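Asks: Attaching a predicted model along with its sequence, questions to come.
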Amino acid sequence: MLDDREKEVVVGRFGLDTGGEERTQREIAMELGISDAGEVKSLRNLDI
């Protein structure tokens, strides 16, 4: 299960909150105040 921050990363990365407009790792990291590595970690936690 993803925590709230991880959910935000996934939603932003795949454009689920902007009608399909995907954002880069850097953009999401800047929005959330995390490092690019933090975003990568969140994406790795996906169980797909």
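Replies: In hand now; what should we look at?

Asks: For the rest of this, base every contact and every neighbour count on C-alpha atoms.
Replies: Fine.

Asks: Below-threshold pLDDT in the protein: ranges please.
Replies: 38-39, 47-48 (pLDDT under 70).

Asks: again, 80 this time
Replies: Along the chain, segments meeting pLDDT under 80 span 1, 18, 34-48.

Asks: which stretches of it form strands?
Replies: With DSSP state E, there are no strands along the chain.

Asks: Okay, helices next: where are they in it?
Replies: Under the criterion DSSP state H, the chain contains helices at 4-13, 25-32, 36-44.

Asks: Comparing the ones you listed, which comes out most buried?
Replies: Most buried of the helices of the chain, by mean neighbour count (mean count of other CA atoms under 10 Å): helix 4-13, with a mean of 18.

Asks: any residues touching that helix, and which ones?
Replies: 17-18, 22-25, 28, 32, 39, 42-43 (CA atoms under 8 Å, 6 or more residues apart in numbering).

Asks: Farthest-apart pair in the residues you listed, please.
Replies: Thr18 and Ser42 (19.4 Å; CA to CA).

Asks: Taking the centroid of this protein, which residue is nearest it?
Replies: In the chain, the residue lying closest to the centroid (CA atoms, centre = their mean) is Val9, at 1.6 Å.

Asks: that older thread, which one of the contacts of helix 4-13 sits closest to Met1?
Replies: Among the contacts of helix 4-13, and counting by CA to CA, the member closest to Met1 is Ser42, at 10.8 Å.

Asks: Not counting its neighbours along the chain, what's nearest the closest one?
Replies: Closest residue in space to Ser42, ignoring its immediate chain neighbours: Glu6 at 4.9 Å, by CA to CA, 6 or more residues apart in numbering.
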